[in-house]
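Participant: compute the structure for the input listed below.
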Amino acid sequence: HKANSAIEEVLGIEKKNSLLASLYLARSDTSSFVRQKALQVWKTIVPQTPRVLKEIMPMYVEKVVEGLASKNEERRNVSAFALGDIVRKLGDLVLPSIVPHLQNGLMSGNETTRIGICMGLTELMQSASKKQVEDFIDMLIPAVQATLCDPSEDVREK
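Facilitator: Residues are numbered from 1 along each chain as shown. So this is what the prediction gives:
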């Protein structure tokens, strides 16, 4: 697709992937105007969403986890919703890369980060199919245990 190639030529692969990951994340914004515009731009420059999502997935997961760790509650909510959305759409493809990022975030010394990660973990569990949860149970149980045993009551409540 011409637009995607032109963006890559100007920005390079890493910046292009970062841009597309941010754009895809904006599709989950709390503002309907932002969601609509992000979707419109996405459809204009991305010819095949599944293929492009595979390419940008590491960057997308990084941005979602950063958002979950944000001090800004709205950004955390948008990131949690975006995480649930991507798990519903591409669960088996994304869970192997998402769960380790969430586990790492739970080790943070920052309570706000751990609260956001718990929001993401909750969204992931609600969005994944029963089979997906079963398939990844060995990775999910330690993360759930870590949240339930967290020293912070606010983390445990999420």
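
Participant: every contact and neighbour count from this point should use C-alpha atoms.
Facilitator: Fine.

Participant: show me where the chain has strands.
Facilitator: For the chain, strands defined by DSSP state E do not occur.

Participant: and the helices in it?
Facilitator: For the chain, the helices defined by DSSP state H occupy 2-11, 13-26, 32-45, 49-68, 73-106, 111-127, 130-135, 137-148, 153-157.

Participant: what comes up buried for the shortest one?
Facilitator: By neighbour count, with 16 or more other CA atoms under 10 Å as the criterion, the buried positions of helix 153-157 are 155-156.

Participant: where does the prediction get shaky in the protein?
Facilitator: 1 (pLDDT under 70).

Participant: mind redoing it with 50?
Facilitator: The chain contains no residues with pLDDT under 50.

Participant: of the helices of the chain, flag the one that's most buried.
Facilitator: Comparing the helices of the chain by mean neighbour count (mean count of other CA atoms under 10 Å), helix 111-127 comes out on top with a mean of 23.

Participant: that one to helix 49-68, inter-axis angle?
Facilitator: Between helix 111-127 and helix 49-68, the angle comes out at 140 degrees (axes from the mean of the first three to the mean of the last three CA atoms, to 10 degrees).

Participant: next up, phi/psi of Met107, please.
Facilitator: Dihedral pair for Met107: phi -90, psi 0, per degrees, to the nearest 10.

Participant: what's the burial count for it?
Facilitator: Using other CA atoms under 10 Å, Met107 has 15 neighbouring residues.
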